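**Q** Make a model of this:
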Amino acid sequence: MKVIQSLSVIISVVVACTNACIVLDGIYSSDTGAVKGTLVENDVQTCTLAGTLDRDAYLFTCINGYSASFIRKDLTAVTYRDNNGRTYQFQVQKYQPDKSDPQYRLSARMFC
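**A** Numbering: from 1, shown residues only. Presented below is the predicted three-dimensional model:
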């Protein structure tokens with residue numbers, strides 16, 4: 001019975017670790033440099049994205065235990081650290097739905 005319980009715990013931990021769904025959604029305005037959005041892990045908003053690109057050093061504000069930052073000035077790559085100490089780096093899609101509008105959508109999905 002102890003072997004079954006041990007296996008059950010190990011399987012639960014592995015499944016929990018592999019099911020992290022990380023989602024970044026945001027908007028960047030090229031005329032003002034304003035950035036706003038959210039970073040969500042497993043349906044919990046862990047970080048808020050807000051600020052001005054060239055003025056603010058830290059655009060992400062995260063809840064205790066989490067951190068995030070852009071690792072490219074063009075906003076196409078993010079590094080993210082969760083409350084278990086795991087660090088992820090992922091690409092962000094930056095696209096402009098309307099070429100006459102200075103607003104770009106920022107979007108990333110990881111493990112979803």
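
**Q** contacts and neighbour counts: CA atoms only from here.
**A** OK.

**Q** which residues of the protein fall in strands?
**A** 22-29, 34-41, 44-52, 60-62, 67-70, 77-81, 87-91, 93-95, 103-110 (DSSP state E).

**Q** Would you mind listing the buried residues in the longest one?
**A** Pointing back at strand 44-52 there. 46-52 (16 or more other C-alpha atoms under 10 Å).

**Q** would you list those in JSON lines and tack on distance to residue 30 and pLDDT?
**A** Compiled in JSON lines, these are given as follows (distance: C-alpha to C-alpha, whole Å; pLDDT from 0 to 100):
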{"residue": "46", "distance to residue 30": "25", "pLDDT": "98"}
{"residue": "47", "distance to residue 30": "22", "pLDDT": "98"}
{"residue": "48", "distance to residue 30": "19", "pLDDT": "98"}
{"residue": "49", "distance to residue 30": "16", "pLDDT": "96"}
{"residue": "50", "distance to residue 30": "14", "pLDDT": "96"}
{"residue": "51", "distance to residue 30": "13", "pLDDT": "95"}
{"residue": "52", "distance to residue 30": "10", "pLDDT": "94"}
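
**Q** okay, now the spatially closest residue to residue 66 that is not a sequence neighbour: neighbour count?
**A** Of all residues not flanking residue 66 in the chain, residue 82 sits nearest, at 4.8 Å (C-alpha to C-alpha, 6 or more residues apart in numbering). Residue 82 is flanked by 18 other residues according to other C-alpha atoms under 10 Å.
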